[in-house]
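Novice: Sequence first, then the predicted structure:
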Amino acid sequence: MRAFRGTSLCLLLAVGAGNACAATIPACPEVSATATRAGLHDFDFLLGHWNVHNRRLKQRLADSHDWVEFAAKDSFAELPGGLGTEEHYSTDFWKGYAALGLHLYDPQHRAWTLYWADNRNAPGTLQTLAKGAFVDGVGVFCAPDRFNGKPITVRILWQRIDARHARWEQAFSTDRGASWETNWTMDFTRP
């Protein structure tokens, strides 16, 4: 698996929260122990169209504090039969970039699996990004991965801020979740 959206080219909280979020957000929850209800509609807050303000570190896991900012468009729709949601992401930051995300729900385990495919990195491949659940209104999704040949843990957070705003955050850990480097945030606003 490759870490999402630009590791060598993964889904929220205040910009600049960085490692401070480790104190308030579980690193990688045990899904069945923390999911408190059937979560098929957890991602419903994202349905529809969004403008996205991206901030990503120029260099990851390099003690960098230089951020690149760019705009994107995103939209989400329900999949048939209660499977989950489908995402269509595009940006001109990389010329002609387009991507498809799938959030698929497993009701037996009350867990989500996030998938990603794009036309820039490994075209034709559906990448498994992370697995997790929503806990107290925050989606926490984690997976092992590799970055520059070294093992890491990827954490993706999704949060509904209000009816017109949402937040996505990606962080990497090299110490199994003891500390995190937030390297990408996306602030979503309804057009």
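Specialist: Received the coordinates, thanks.
Novice: Run through the bridge partners of Val135.
Specialist: Val138 (DSSP bridges).
Novice: and if you look at Val154?
Specialist: Residues in beta-bridge contact with Val154 (DSSP bridges): Ala143, Phe172.
Novice: what's the spacing between it and Trp50?
Specialist: 22 Å (CB to CB, to the nearest Å). Every residue, glycine included, has its C-beta placed from N, CA and C.
Novice: same deal with Gly149?
Specialist: Taking CB to CB, one finds Gly149 at 35 Å from Trp50.
Novice: and if you look at Glu69?
Specialist: 16 Å.
Novice: Among these two, which residue is more densely surrounded?
Specialist: Trp50 (21 against 10; other CB atoms under 10 Å).
Novice: Got the phi and psi for the residue of the chain positioned farthest from its centre?
Specialist: For the chain, the residue at maximal distance from the C-alpha centroid (CA atoms, centre = their mean) is Gly81, at 23.5 Å. When read as degrees, to the nearest 10, the backbone of Gly81 gives phi 70, psi 20.
Novice: same deal with Leu46?
Specialist: phi -90, psi -10.
Novice: There's contact between it and Ala77 in this structure, I believe.
Specialist: No: in this structure, Leu46 is not within contact of Ala77 by CB atoms under 8 Å, at 9.6 Å.
Novice: who touches both of those two?
Specialist: Thr85 (CB atoms under 8 Å, 6 or more residues apart in numbering).
Novice: So those two - more neighbours on which side?
Specialist: The neighbour comparison of Leu46 against Ala77 (other CB under 10 Å) goes to Leu46, with 21 against 12.
Novice: if I pick the more buried one, what's in contact with it?
Specialist: Phe76, Thr85, Glu87, Trp158, Ala166, Phe188.
Novice: other SSEs contacting the helix or strand harbouring the fourth one?
Specialist: Under the criterion of DSSP states H and E, Trp158 resides in strand 150-162. For strand 150-162, the contact count by 3 or more CB pairs under 8 Å, 6 or more residues apart in numbering; DSSP states H and E identifies strand 127-135, strand 138-147, strand 165-173 as packing neighbours.
Novice: the inter-axis angle of that strand versus strand 127-135?
Specialist: Here the directions of strand 150-162 and strand 127-135 differ by 50 degrees (axes from the mean of the first three to the mean of the last three CA atoms, to 10 degrees).
Novice: What residues sit buried inside strand 150-162?
Specialist: For strand 150-162, the neighbour count (16 or more other CB atoms under 10 Å) marks Ile152, Thr153, Val154, Arg155, Ile156, Leu157, Trp158, Gln159, Arg160 as buried.
Novice: Just put those residues in CSV and tack on distance to Arg176 and pLDDT.
Specialist: Shown next, in CSV, are the buried residues of strand 150-162 (distance: CB to CB, whole Å; pLDDT from 0 to 100):
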residue, distance to Arg176, pLDDT
Ile152, 9, 96
Thr153, 6, 95
Val154, 12, 95
Arg155, 11, 96
Ile156, 16, 96
Leu157, 18, 96
Trp158, 22, 95
Gln159, 23, 93
Arg160, 28, 92
